[in-house]
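>>> Take a look and give me a structure for this.
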Amino acid sequence: MGTVHVDDLKSGMTLAKPVVAPNGRFLLPEGAVLKDKNIQVFKIWGVTEAHVVGHDQERIEEQSIARFSPEHLRLAEAHLAVRFPQNVAESHFLAETHRLCLLRLAEHLAEGRPLPEQPSLPEAPSQETRGASGRTPSLQELVEGEVQLASFPDVYFRIQEVLEDARSSASHIADVVSEDTSLTAKLLKLVNSSFYGFPSRIESISRAVALIGTNELSTLALGISVVHCFRNIPPSVFDMKSFWQHSVACGVFSRILAREKSGLSEERLFVAGLLHDVGRLVLARSRPRQLAQAMELSRKRRIPLFEAEREVLDFDHTQVGGLLLRTWKIPGALETLVRFHHAPLSAHPAAEAAVVNVADALAISLAIGRSGSFYVPFTDDEVWGTLHLSPSVLSPTVAQAERQIKEITDLFLSSEAVEE
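Numbering: from 1, shown residues only. Predicted coordinates for the structure are as follows:
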């Protein structure tokens, strides 16, 4: 008997133990012989692994790797070694993530596709933004200048006012949101995407509110509004399409992982993932030269970019992002998740920040978009253990996320959402 990941289950395997969904729903008894439809049901209900007779995951993984030529595996391993920590085996999360990346790259090579190019460093601008006194602005001044440059859309605060009014109803929220045609269009595209997978099309904001809730819709409106705020980022520092692709990937991974634990808000964690690097956009707009220097230092010393930011700037993008959200009077839970996504054990509750931390590392590992970070940060077992999840959850998470990431990235980058 052994444990097998849901993606590796095959028709004809016999269950050694009953299969129960994460929410406690009984799905199949011990001794049942699996059929393809059973495996599909497991995936729908969020089952990530099952105990089967005569099989174990380690043997299956060895067989998966043996499909590829030694040369393809060597090239894929060398490609990953540049970005992954050397002590990857010391982290259950990173060990499984590395395995998934290795298989994906070997598959690329086997199909005749080239390995992705490693990103080049941005060119440091010759001049840096300075304050009125001619000196480099402090963290507080940096954020205050950003708030003046990119005032947050009034529609979000009107939504908040309605939410805080005990006399308000769902229809009041729908009325406020509907006043902003661009926001309305994007919200409807989102709720009609595979992100939710509703069986019938949602035609109105009032219907969307009824299905996903007022707080949830307000949180999604926040995420869409923030994306709209950031324009005119120097293209020499960031490819904004790639930046938002990474951010969306982090948000989607966060939301899917949140489903594995009861009591977590999927929408809040999606938006936290979407906004986790928003402070880096502030740096790109106001301190592009120093951000470029931090990127160069990160590559030179093989350290995470947020650590290099602290050496160059005396603070990092998480502090900038957290302070920006606080200044915008964004709900404290989101500020905490953005502020502590690189130090989740310092957050309360730690589990939510750990979700964003893991989702960010997963997006960087898979090289989905780029937000400036080149090296995969080390995720120790204490952070991963906070989630009480098996590494087997990662493979179905990645498979489920791929379509959603493309759909939602296209949504956020459509029309006026991002301008370079």
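
>>> Tell me the pLDDT of the residue most central in space within the chain.
Centrality entry for the chain: nearest residue to the mean C-alpha point is Cys250, 0.8 Å, by Cα atoms, centre = their mean. For Cys250, the pLDDT comes out at 97.

>>> any idea how far the closest residue to it other than its chain neighbours lies from Ser242?
Take Cys250 and drop its neighbours on the chain: the residue closest to it by Cβ to Cβ, 6 or more residues apart in numbering is Gly273, 3.9 Å away. (C-beta placed from N, C-alpha, C; glycine too.) Taking Cβ to Cβ, to the nearest Å as the measure, Gly273 falls 16 Å from Ser242.

>>> So, low pLDDT: which residues of the stretch 1-150 of the chain?
By pLDDT under 70, the low-scoring segments of the stretch 1-150 of the chain are 1, 121-136, 148-150.

>>> And for the stretch 301-420 of the chain?
414-420.

>>> neighbours of Arg99, just the number please.
Residues near Arg99, counting by other Cβ atoms under 10 Å, number 17.

>>> Sticking with it, tell me its helix or strand.
Element membership for Arg99, per DSSP states H and E: helix 92-110.

>>> follow-up on the earlier one: hang on, isn't the residue nearest to the centre of the chain packed against Ala359?
Yes. If you go by Cβ atoms under 8 Å, Cys250 and Ala359 touch, sitting 4.8 Å apart.

>>> Need the overlap of contacts for these two.
Gly273 (Cβ atoms under 8 Å, 6 or more residues apart in numbering).

>>> in the following helix or strand past the helix holding Arg99, what's buried?
Heading C-terminal from helix 92-110, the first helix or strand you meet, by DSSP H and E, is helix 139-149. Across helix 139-149, burial judged by 16 or more other Cβ atoms under 10 Å covers 139, 142-143, 145-146.

>>> does Ile256 count as helix, strand or coil?
The local conformation at Ile256, judged by DSSP: H, G, I helix; E, B strand; the rest coil, is helix.

>>> quick check: domain ranges of this structure?
Per automatic domain parsing, the domain ranges recorded for the chain read 1-56, 67-118, 120-137+232-420, 151-229.

>>> Enumerate every residue touching the closest residue to Phe230 other than its chain neighbours.
Among residues not flanking Phe230 along the chain, Leu281 sits closest, at 4.9 Å (Cβ to Cβ, 6+ apart). Each residue near Leu281 by Cβ under 8 Å, 6+ apart is listed here: 230, 233, 238, 243.

>>> Among those residues, which one has the most neighbours?
Phe238 (25 neighbours).

>>> quick one, what contacts the residue nearest to it when sequence neighbours are not counted?
Spatial nearest neighbour of Phe238, excluding adjacent residues (Cβ to Cβ, 6+ apart): Ala284 at 5.2 Å. Residues in contact with Ala284 (Cβ under 8 Å, 6+ apart) are 233-234, 237-238, 291.

>>> just to revisit the earlier point, just the CA coordinates for the helix holding Arg99, please, in CSV.
Provided in CSV are the C-alpha atoms of helix 92-110 (Å, rounded to 0.1, in the frame of the first residue of the first chain):
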residue,chain,number,x,y,z
HIS,A,92,9.2,19.4,1.4
PHE,A,93,7.4,22.2,-0.6
LEU,A,94,10.5,23.1,-2.7
ALA,A,95,11.5,19.5,-3.3
GLU,A,96,8.0,18.8,-4.9
THR,A,97,8.0,22.2,-6.7
HIS,A,98,11.5,21.4,-8.1
ARG,A,99,10.3,18.0,-9.3
LEU,A,100,7.3,19.5,-11.1
CYS,A,101,9.5,22.1,-12.8
LEU,A,102,12.0,19.5,-13.8
LEU,A,103,9.3,17.4,-15.5
ARG,A,104,7.8,20.4,-17.2
LEU,A,105,11.2,21.5,-18.7
ALA,A,106,12.1,17.9,-19.7
GLU,A,107,8.7,17.7,-21.5
HIS,A,108,9.5,20.9,-23.3
LEU,A,109,12.8,19.5,-24.5
ALA,A,110,11.3,16.2,-25.5
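
>>> And the contacts of it?
Taking Cβ under 8 Å, 6+ apart as the rule, helix 92-110 contacts 61, 64-65, 67-69, 72-73, 75-77, 79-80, 84-85, 88-89, 114-115, 358, 361-362, 365-366, 376, 378-379, 381, 383-384, 391-392, 394-395, 398.

>>> related to what we said a few turns ago, any chance of the contacts of Ala284 in CSV, with distance to Gln57 and secondary structure too?
Shown next, in CSV, are these (distance: Cβ to Cβ, whole Å; DSSP: H, G, I helix; E, B strand; the rest coil):
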residue, distance to Gln57, secondary structure
Ile233, 43, coil
Pro234, 46, coil
Val237, 42, coil
Phe238, 39, coil
Leu291, 42, helix
